[in-house]
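[1] Fold the following and give me the result.
(one chain, ligands or ions: 1)
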Amino acid sequence: MKIIDGKEISNQIKLEIKKEVDQIILKGQRPPHLAAVIVGEDGASLTYVGSKVRSCRQVGFESTLVKLQSSISEEKLIEKINLLNSDKEIDGFIVQLPLPKHINEENILMAIDPNKDVDGFHPTNFGKMALNMETFIPATPFGIMELLKRYNIETSGKHTVVIGRSHIVGRPISILMNSKGKAGDSTVTVVHSRTVNLESYTKNADIIVSALGIPEFVKSDMVKSGVVIIDVGITRVKDDNSIKGYVIKGDVDFESMKSKASFITPVPGGVGPMTIAMLLKNTLLSRKISI
Ligand code: NAD
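    Take a look at the predicted model:
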């Protein structure tokens, strides 16, 4: 079994990005600039946003963190988004999810200028992705595609089972892997919470992308020998033996899978680090388009 080292690949990608940023600066132009909007004090969201900002520094990007109170109205949040939309110094921005319950996420998403939507969640960008046009691809599925490419994992003609149909992972990765091209050309089945007899699908999968968020849901007796496992799940599980009081678990029972899988992404250190690297790649793309 081979471990897919997302940390190493993400570091490689960051180095590649850094080189391009150095070239931009050498030509006397400003570096890419990513902004992140965070509403409220959710611990996990603050951690994610913090590491996104740190990664910006690593590759020579400018970054701006817009911290807003959880009581902010939807109207005021949209005003902030409009300011970012019209700010010529900012190439892309993200609004960290989840948002407080009184704010309609769809309205916020629709307010973001698609040209700055480096998360790739706006319907314009999602539609372009589905039509195989160049656009900002949602960072997590984009990262999975990159891992498959860089590990030369054959996907053409293979049967891929995607567990989960969310707009940010399951749905887009099913479209990408089914599309023409490298890491694509796969026959994709999407299973979800209403699927009957899920195991009958996973047992016939050459590749499994699991994005459901239930720790150790996928066991080795649910897959065939030689399967490629991409574990997207990140769940904090209470653990009094850990300093933080919790450990991070994936969707896949990693230990039991060792004897069955040909390739597997660990959690942490698999898909997770790729997400930030690909967000940076989207921001660089936005900057290059505007030069
Ligand atoms: P979500 O909650 O939006 O969607 C979960 C999906 O799983 C749903 O489509 C649902 O139908 C399906 N599901 C739930 N229970 C099921 C069951 N018993 N059997 C089959 N399907 C079931 O989640 P999401 O936003 O797609 O995230 C999924 C997981 O991936 C979470 O653990 C999340 O933290 C993680 N995640 C990781 C990254 C990363 O960077 N690695 C990025 C995004 C999400």
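[2] Every contact and neighbour count from this point should use C-alpha atoms.
    Will do.
[3] what sits against whichever residue of the stretch 1-150 of the chain sits closest to the ligand?
    Among the residues of the stretch 1-150 of the chain, Thr140 lies closest to the ligand, at 5.4 Å counting by CA to the nearest ligand atom. With contacts defined as CA atoms under 8 Å, 6 or more residues apart in numbering, the neighbours of Thr140 are 168-169, 271-272, 274-275, 278.
[4] Which members of those occur in helices, if any?
    Those of those mapping onto helices are 271-272, 274-275, 278, per DSSP state H.
[5] right, and the helix or strand after the one helix or strand Leu147 maps to?
    Following DSSP states H and E, the helix or strand that holds Leu147 is helix 139-150. From helix 139-150 onward toward the C-terminus, using DSSP H and E, the following helix or strand is strand 159-163.
[6] Tell me how far that next one lies from the chain's centre.
    17 Å (CA atoms, centre = their mean, to the nearest Å).
[7] Get me the contact residues on the chain for the ligand.
    140, 163-166, 168-170, 192-193, 211-213, 232-235, 271-272, 275 (CA under 6 Å from any ligand atom).
[8] Show me which parts of the lowest-mean-pLDDT helix or strand in the chain are buried, residue by residue.
    When each helix and strand of the chain is scored by mean pLDDT, DSSP states H and E, helix 43-58 comes last, with a mean of 90. Within helix 43-58, the residues scored as buried using 16 or more other CA atoms under 10 Å are 45-46, 49, 52-53, 55-56.
[9] Show me the two of those that sit farthest apart.
    Comparing all pairs in these by CA to CA, the longest separation belongs to Ser45 and Cys56, at 16.7 Å.
[10] on that earlier part again, go through the residues of the chain next to the ligand and flag which are in strands.
    If you go by DSSP state E, the residues of the chain next to the ligand have 163, 235 in strands.
[11] Any chance of a PyMOL selection covering the buried ones in the residues of the chain next to the ligand?
    Paste this into PyMOL to select the buried members of these, with burial taken from 16+ other CA under 10 Å:
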select buried, resi 140+163+164+165+168+169+170+211+212+213+232+233+234+235+271+272+275
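[12] per-residue pLDDT, the closest residue to Gly143 other than its chain neighbours?
    The spatially closest residue to Gly143, leaving aside those adjacent along the chain, is Met274, at 4.9 Å (CA to CA, 6 or more residues apart in numbering). Per-residue pLDDT puts Met274 at 97.
[13] give me the number of residues near Met274?
    Neighbour count of Met274, defined by other CA atoms under 10 Å: 29.
[14] Next, the contact list for it, please.
    So Met274 contacts 6-7, 9-10, 139-140, 143-144 (CA under 8 Å, 6+ apart).
[15] By neighbour count, which of these wins?
    Top of these by neighbour number is Ile144, holding 28 neighbours under the definition other CA under 10 Å.
[16] Alright, calling it a day.
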